[in-house]
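In: Based on what follows, work out the 3D shape:
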Amino acid sequence: MLTFKKTSLIDAPIEKVWEFHERPDILDKLTPPWQPVKVIKREGGLDIGAITEFQLMLGFIPIRWLARHTECNQPYLFVDIQEIGPLKSWEHRHQFTPKNGKTELTDEIKYEIPGGRIVEILIGWWVDFRLQDMFTYRHEITTKIVESEPQEVNGEQ
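Out: Take a look at the predicted model:
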């Protein structure tokens, strides 16, 4: 089992960061434009049982990826797992921790590459590089958008 983790501190309250992740267009916002990923379907928001279906392109080969949410503790955590996809296993924990009026955002992924230890040694570095690339982009976009939106006070801007 391999683990990837990315943490950023966002200058916004936890509720605002959570609400950003509830947006219907969130996956379009957070998918790097250079990654060959297309969102096919998204149902259920962040709640337990919610699903997201993607199509990844591996060269000219389309790969179906279906993720299902297995945990949700608003506004602190949601977890999705791969039900169908290219990896042997995948669990993605999205964690939100309040820090003195700011929010620590942590994405932690535990995954297994199919093919055993030798395949893991051969391509594990590449998978880690792709995750670093993707989540650096996601955290930068989240920070940029959330910090630039006006703060609401008592339901007013």
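
In: show me where this structure has strands.
Out: 2-10, 37-43, 51-58, 61-73, 77-84, 89-99, 102-112 (DSSP state E).

In: Redo those as CSV? Include mean neighbour count.
Out: Bear in mind the C-beta positions are built from the backbone N, C-alpha and C, glycine included. Converted to CSV, those look like this (neighbours: other Cβ atoms under 10 Å):
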stretch, mean neighbour count
strand 2-10, 15
strand 37-43, 13
strand 51-58, 14
strand 61-73, 15
strand 77-84, 17
strand 89-99, 16
strand 102-112, 18
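
In: Tell me which of the ones you listed lies nearest to Q132.
Out: Proximity to Q132, assessed across the strands of the chain by Cβ to Cβ, is greatest for strand 2-10 (7.6 Å).

In: The closest one vs strand 102-112, what angle?
Out: 170 degrees (axes from the mean of the first three to the mean of the last three Cα atoms, to 10 degrees).

In: Show residues contacting strand 2-10.
Out: For strand 2-10, contacts defined as Cβ atoms under 8 Å, 6 or more residues apart in numbering pick out 17, 99, 102-113, 120, 124, 127-128, 131-132, 135-136, 138-139, 142-143, 146-147.
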